[in-house]
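S.K.: Fold the following.
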Amino acid sequence: MDESPPRWILHLDMDAFYASVEQLDNPDLRGKPVIIGAGARGVVSTASYEARKYGVRSAMPIFEARRLCPKGVFLPGRMRRYVEKSREIMARLQLYSPLVQPASIDEAYLDATGLELVFASAENMARVLQKDIYETCGLSCSIGLAPVKFLAKIASDLQKPAGLTILRHADVPAFLDRLPIGKIPGVGPGMLKKLELMNMRFAGDIQRYPQDFWEKHLGKAGNLLFERACGVDPRSVHGLADPKSESAENTFAADTKDPVLLSAWLLRQAERVGKSLRRQGLSGRTVTLKIKYADFTQSSKSRTLENPVNSTRAIYETALDLLSGCALQKPLRLIGLGVSKFDTKLKQLPLLSNPAAQQGALRDASLDAALDRLREKFGNGAVVRGKLFDFDGKI
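M.R.: Residues are numbered from 1 along each chain as shown. You can find the predicted model right below:
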């Protein structure tokens, strides 16, 4: 007889994360409609719950948000600060379970199986964690507890903000019976429309037909749909994964194909990406350039280097060379760069056969280290590279 404790998966979702961090750091913003996103052409990253009362939502164009909430406090955002708070939150979660899987900067899964034995009940464990995050990190979160991942994520969204929803094992069948199909992960607009034409509205409707019926009509997606509709999700919570890439991009205030301006933005982005890689002790062999035109079409070009890099100059020059190979017949709306295909953490500079190249790499490493130290101590604006002296673009 199996006497192991029932499986519990916890999904934690921070409430209006970016806006809440701004309200935490600046108490004058508390109670006010805070909207993260700036510029006439940008989109809303996060809106505080005060702003959501006006209809402001994530991914909404800024001009629309200003129309709906003219008295909103619009802020450009501080990604470095948000990452810092995210790491603080993930560190707290790891005090409860070794199996913590970040899903994004502001949400994570935690394998809570057996923790109810320590905290007397699953509900008490979740409330202790929720209170801990608030008292140590100063931010509220919403939590969903369920036997499987996708149900835990759905549950965490049901009672925001500061909500706690527990979907017990015995309650799953009734919950699924009335769960709207659009809530099932993987059901996009196209599939949803097709299912509605079949008079399918809830997960319980999907269960009325066998799995091979759905495979016949929807292929592999039909198999997954049937499993989720039956509450099946075999995915486990795995620990923190190594990063796969590091990137930065910017949307311009006005469309442009000015090579001087584009190169300045690439240098800013190379600085940001390089600094992050060096902080993590990482280097990558593939540099990717991303461009988006004014008509929203986009493309990317990549180059894989012989040696892994994390220096600002190497990243910038590779991206600049990729840009020179693009025939920019139309103005750009966005430009970005990324570094991927990480090698193991660097212990020393790669050995180069060319002594001059080796000396150059040493100089780059020394310069980057000096700039990183100064900016860490005095802020990003403390020192500026000569090529960016007159550049007022903000990152």
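S.K.: Distance of Glu50 relative to Ala314?
M.R.: Relative to Ala314, Glu50 is positioned 45 Å away (criterion: CB to CB, to the nearest Å). C-betas here are computed from N, CA, C, even on glycine.
S.K.: again with Met200
M.R.: 53 Å.
S.K.: before we move on, what about Gln207?
M.R.: Separation of Gln207 from Ala314 (CB to CB): 55 Å.
S.K.: more neighbours, the two?
M.R.: Each of Gln207 and Ala314 had its neighbours counted (other CB atoms under 10 Å), and the higher figure belongs to Ala314 (22 against 16).
S.K.: does the more buried one belong to a helix or a strand, and which?
M.R.: Ala314 is located in helix 312-324, with elements delineated by DSSP states H and E.
S.K.: If you count neighbours, what's buried in that helix?
M.R.: By neighbour count, and taking 16 or more other CB atoms under 10 Å as the criterion, the buried residues in helix 312-324 are 312-320, 322-323.
S.K.: ok now it, how far from the chain's centre?
M.R.: 25 Å (CA atoms, centre = their mean, to the nearest Å).
S.K.: Counting by contacts, list what it packs against.
M.R.: Counting contacts by 3 or more CB pairs under 8 Å, 6 or more residues apart in numbering; DSSP states H and E, helix 312-324 is packed against helix 259-280, strand 284-293, strand 298-309, strand 332-342, helix 355-378.
S.K.: what's around Lys32, how many residues?
M.R.: Neighbour count of Lys32, defined by other CB under 10 Å: 17.
S.K.: Need the pLDDT of it.
M.R.: Looking at Lys32, its pLDDT stands at 96.
S.K.: cool, and Gln359?
M.R.: On pLDDT, Gln359 comes in at 58.
S.K.: And for Val128?
M.R.: The model reports Val128 with a pLDDT of 94.
S.K.: likewise Thr297?
M.R.: For Thr297, the model assigns a pLDDT of 85.
S.K.: measure it to Ile291 for me?
M.R.: Here the distance between Thr297 and Ile291 works out to 9 Å (CB to CB).
S.K.: can you tell me which residues contact Ser340?
M.R.: 244-246, 284, 286, 288 (CB atoms under 8 Å, 6 or more residues apart in numbering).
S.K.: do that again at 10 Å, thanks
M.R.: Residues near Ser340 by CB atoms under 10 Å, 6 or more residues apart in numbering: 243-247, 284-288, 302, 304.
S.K.: excluding its backbone neighbours, what's nearest Arg41?
M.R.: Nearest in space to Arg41, with sequence neighbours left out and distances taken as CB to CB, 6 or more residues apart in numbering, is Thr251 at 6.1 Å.
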